[in-house]
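K.L.:
Need the 3D shape of this:
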Amino acid sequence: MINQEFWSPILLSAQVTTVASILAFSVAIIIAAIMKGRSFTGKVLVETIWMLPLVLPPTVVGFGLLLLLGRNSWLGQAIEWLLGQPVVFTWWAAVIAATVVAFPLIYQTLKTGFESVDSDLEDVARSMGAGEVQLLMYVTIPLSWRSLAVGYLLGFARGLGEFGATLMFAGNIPGKTQTIPTAIYLATETGHVTLAAYWVGSIVMFSFLLLCVVHRIRIY
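P.N.:
Have a look, this model is predicted:
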């Protein structure tokens with residue numbers, strides 16, 4: 001039972017989720033730093049749009065990605081022209097889907113951590129000539145490292161468990177876009193319940209360990 005058929009979705013999920021979580025984390029740091037302490041007209045609307053993938057059904061997110069990046073959209077056609085192939089139903093489609101659903105959770109965690117940093121310390125750094133980038137790198141990030149670690153791990157867990165958006169946007173192609181959740185779905189539908197149970201056990205165990213690490217970071 002533990003053969004290539006078993007390991008393929010696990011290895012693919014690890015690759016997709018690693019790339020997606022790094023992308024989402026990098027963008028979240030930049031946006032959280034920009035939004036921190038700023039107030040402008042429409043800020044609530046902008047942040048609400050960013051948070052939508054966290055509360056919308058994943059299939060709705062996947063449908064939105066199809067509309068935005070599918071072969072019938074101008075953006076999708078531009079990407080296909082640049083890359084020589086459509087992005088839909090490819091490995092990168094799975095990465096994009098996982099990135100989109102992981103971003104809101106990472107962003108919200110990072111934003112909360114950045115805003116918890118004592119503003120007096122930041123003012124002192126500014127008075128000593130520190131620019132915004134230096135302030136972020138040497139004051140804000142070191143003082144909120146727990147939030148960064150927790151945000152990344154939670155985003156990784158969210159991306160690892162993504163199903164609906166991946167199925168809609170990337171499909172369920174074995175060895176190409178078939179992640180653990182989509183593999184579980186297909187195995188259950190085709191009567192391979194034992195194989196599905198192995199995958200379920202693997203993702204539950206790994207997610208449990210991630211949450212244990214998150215708990216330890218929050219305490220210490």
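
K.L.:
and the longest helix along the chain, what other elements does it pack with?
P.N.:
The longest helix of the chain (DSSP state H) is helix 4-35. Of the remaining helices and strands, those touching helix 4-35 by 3 or more C-beta pairs under 8 Å, 6 or more residues apart in numbering; DSSP states H and E are helix 43-55, helix 91-115, helix 145-160, helix 180-189, helix 193-219. Where C-beta positions appear, they are placed from N, C-alpha and C, glycine not excepted.

K.L.:
and the ones you listed, which is most packed in?
P.N.:
Mean neighbour count (mean count of other C-beta atoms under 10 Å) peaks for helix 91-115 among those, with a mean of 24.

K.L.:
now the longest helix of the chain and helix 145-160, what's the angle there?
P.N.:
Interaxial angle, helix 4-35 versus helix 145-160 (axes from the mean of the first three to the mean of the last three C-alpha atoms, to 10 degrees): 140 degrees.

K.L.:
hmm, back to that, out of the helices and strands packed on helix 4-35, nearest to Y138?
P.N.:
With respect to Y138, and counting by C-beta to C-beta, the nearest of the helices and strands packed on helix 4-35 is helix 145-160 at 12.3 Å.

K.L.:
Touching the closest one from outside, list them.
P.N.:
When contacts are defined by C-beta atoms under 8 Å, 6 or more residues apart in numbering, helix 145-160 is touched by residues 13, 16-18, 20-21, 24-25, 28-29, 98-99, 101-103, 105-110, 112-114, 116, 141, 180, 203, 206-207, 210-211, 213-214, 217-218.

K.L.:
Show me what the helix or strand just after it is in contact with.
P.N.:
Counting by DSSP states H and E, the next helix or strand C-terminal to helix 145-160 is helix 164-169. Helix 164-169 is contacted by residues 53, 57-59, 61-63, 65-66, 69, 88-89, 93-94, 96-98, 100-101, 177, 179, 181-182, 185 when judged by C-beta under 8 Å, 6+ apart.

K.L.:
Now with 7 Å, please.
P.N.:
Contact with helix 164-169 is made by 57-59, 61-63, 65-66, 88, 93-94, 96-98, 100-101, 179, 182, as judged by C-beta atoms under 7 Å, 6 or more residues apart in numbering.

K.L.:
likewise stretch 126-134?
P.N.:
L135.

K.L.:
got the contact list for the residue nearest the centre of the chain?
P.N.:
In the chain, the C-alpha nearest the mean C-alpha coordinate belongs to A102, at 2.5 Å (C-alpha atoms, centre = their mean). Listed by C-beta under 7 Å, 6+ apart, the contact set of A102 reads 20-21, 24, 155, 158-159.
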